[in-house]
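S.K.: Below: sequence and its predicted model.
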Amino acid sequence: MLALAASSHPVIYWYLTRATGIVALCLLTCAVVLGVTNVSRFASERWPRFVIDGVHRRVALLSVVFLAIHVTTTIMDGYVPVTLFDVLVPFHSPYRTFWVGLGTIACDLLLALVITSLLRVRLGYNAWRSVHWLAYACWPVAVLHGAGTGTDFRQLWMFAIDAACVLAVIGAVGVRLSLGGVGGSAGAWR
Ligand code: HEM
């Protein structure tokens, strides 16, 4: 269906790349905010911990789905020379090498996060959690990637979305620190 629509309007891939990049960033921001604030601490009878944890996981997974569409449409678009290799190996893309390379790093970190989460039982909690903290690094890298390479960053609405994402994460870190620092309880990004 997507391929059919795109064959008559090839430019649709480029719009999809931009739109899915923005949605992926917003979802990633929500997942980071939920993880950093460790909202499971605020579980109540109405919002039990497993529901809050479930929302966090699903939002994170949804961001991976949108990222997958983002990179697929980038490759399929053909207007910019980005290949599957460039999606996995940083700073190889001939198109905006540095900024797209940052997107690749964010993508690799997210992949590491997904794989270690799937292998969580085998890896053990401590190893899994270390990778999870590292995965938070993917958020600022993704923000820089979007701002550096995005067509829409010069638009006020896109700038507002980026600013809202940055303020949300800064606020979440503030809440986390005021609740007892990063070493608080063991609920980060779960
Ligand atoms: C977590 C990972 C990533 C996130 C959250 C993300 C998000 C974004 C965002 C927000 C934009 C700006 C869209 C706009 O201004 O309209 C963008 C642009 C772009 N991204 Fe990503 N991206 C990620 C990874 C990647 C990867 C791995 C590639 C391919 C190697 C890639 C290729 C591109 C390209 C080519 C653009 C430019 C679109 C344009 O010029 O408007 N991204 N991305």
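M.R.: Thanks, I have it. Residues are numbered from 1 along each chain as shown.

S.K.: Flag every residue of the protein that's near the ligand.
M.R.: Within the chain, the positions adjacent to the ligand are 17-18, 21-22, 24-25, 28, 67, 70-71, 74, 80, 82, 86-87, 93, 100, 103-104, 106-107, 110, 138, 142, 145-146, 149-153, 158 by CB under 6 Å from any ligand atom. Placement of C-beta: from N, CA and C, glycine included.

S.K.: Quick check: ChimeraX command selecting the buried ones in the residues you listed.
M.R.: A single ChimeraX command selects the buried members of those (16 or more other CB atoms under 10 Å):
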select :17,18,21,22,24,25,28,67,70,71,74,80,82,86,87,93,100,103,104,106,107,110,138,142,145,146,149,150,152,158
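
S.K.: Which of the residues of the chain next to the ligand fall in helices?
M.R.: Judged by DSSP state H, these include 17-18, 21-22, 24-25, 28, 67, 70-71, 74, 86-87, 100, 103-104, 106-107, 110, 138, 142, 145-146, 149, 158 as members of helices.

S.K.: Right, and the ligand sits closest to which residue of this protein?
M.R.: Gly150 (2.3 Å; CB to the nearest ligand atom).

S.K.: list the contacts for that residue?
M.R.: Arg18, Gly21, Met158 (CB atoms under 8 Å, 6 or more residues apart in numbering).
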